[in-house]
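Asker: A structural model of the following input is requested.
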Amino acid sequence: MLQNLTVDKLYVSIYEDPKTLGTAAADFVEDKLREAIAAKGFAHLILATGASQFSFLEALKTRTIDWQKITVFHLDEYKGISALHPASFRKYLKDRILDAVSPKKIYFLNGDAEDLEQEMQRYTSALEQQYIDIACIGIGENGHIAFNDPPVADFNDSKWVKIVDLDEACRNQQLGEGWFPTLADVPKQALTLTIPAIMRCKAISCVVPDARKAKAVHDTLYNEIDTACPATILRTHPQTRLFLDKASAQESNL
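Answerer: Okay, here's the model as predicted:
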């Protein structure tokens, strides 16, 4: 580890590279899951997707965790694409961790459901019945968390799951990460957990490597807490840890 600091309530740790960052985040999440299982016999976990999560998930799936005591949710899914689509977040999680660890139960958000209102109600009901011990998230290049882009982010949203329009910066990020062949192929809408749904989680692990996230990290740490950079709200959460590498921290004068 290179450095630790606190910005408001947000605990920030900086590492040399994505691999050491991912290992540290896996250690943190493993500890939270073990604490929950020790206290009540089970745990509830939310997982994110995207290129930023690669090293973290690779490390997490090697941990000796009793996955048969863990229920998993995920953050978001594109509207209208199937679970077999190469860019599907359901497919991403199955391929990168869930098929390997076989949790007790998995709640997938089905963006291609025939009745999306019913699907969102189902997912909301499942969330309402569980207390999430830790959410694993990232920060987008535009400062989003989940798919709460600046134009649609709402710190006081009355919903826990909703359909959102994806802004151009977000869609370009998905293209740049290689999930789609052209911008026209990137969906214009997605289903997402809202910011209140994320903030109610007991703990949050936020993994943000890579130089392309450096401006978003700077804005998260130093801008006014506002939906212009949705991730700024993380500075108000009592148990959030932000994991950075040298590249993502490079614009923050740390």
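
Asker: only C-alpha atoms for contact and neighbour calcs from this point on.
Answerer: Will do.

Asker: now do the contacts for the closest residue to Ile81 other than its chain neighbours.
Answerer: Nearest non-adjacent residue to Ile81, counting by Cα to Cα, 6 or more residues apart in numbering: Asp112, 5.5 Å away. Asp112 makes contact with Lys79, Gly80, Ile81, Ser82, according to Cα atoms under 8 Å, 6 or more residues apart in numbering.

Asker: for the third one, helix, strand, or coil?
Answerer: Which is Ile81. At Ile81, secondary structure determined by DSSP: H, G, I helix; E, B strand; the rest coil is coil.

Asker: the worst-scoring helix or strand of the chain on mean pLDDT: which residues count as buried?
Answerer: None of the helices or strands of the chain scores lower by mean pLDDT, DSSP states H and E than helix 168-176, at a mean of 87. Going by neighbour count (16 or more other Cα atoms under 10 Å), the buried part of helix 168-176 is Cys170, Arg171, Asn172, Gln173, Gln174, Leu175.

Asker: distance to Ala214 added to those residues, as CSV?
Answerer: Formatted as CSV, the buried residues of helix 168-176 follow (distance: Cα to Cα, whole Å):
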residue, distance to Ala214
Cys170, 15
Arg171, 18
Asn172, 16
Gln173, 14
Gln174, 17
Leu175, 18
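
Asker: which of those sits closest to Leu98?
Answerer: Nearest to Leu98 among the buried residues of helix 168-176: Gln174, at 22.0 Å, using Cα to Cα.

Asker: adding distance to Lys215, write the contacts of Asp112 out as TSV.
Answerer: As requested, the contacts of Asp112 are exported to TSV (distance: Cα to Cα, whole Å):
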residue	distance to Lys215
Lys79	28
Gly80	31
Ile81	30
Ser82	33
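
Asker: may I ask which of the residues you listed has the most neighbours?
Answerer: Using other Cα atoms under 10 Å as the neighbour test, these are led by Lys79, with 22 neighbours.

Asker: so it makes contact with Pro187?
Answerer: Yes: with contact defined as Cα atoms under 8 Å, Lys79 reaches Pro187; the gap is 6.9 Å.

Asker: helices or strands next to the host helix or strand of Cys206 in the packing?
Answerer: Secondary structure assignment for Cys206, by DSSP states H and E: strand 203-208. Contact here means 3 or more Cα pairs under 8 Å, 6 or more residues apart in numbering; DSSP states H and E; on that basis strand 203-208 packs against helix 18-40, strand 134-137, strand 240-245.

Asker: the first one to strand 203-208, inter-axis angle?
Answerer: What it means is helix 18-40. Inter-element angle recorded for helix 18-40 and strand 203-208: 170 degrees (by axes from the mean of the first three to the mean of the last three Cα atoms, to 10 degrees).
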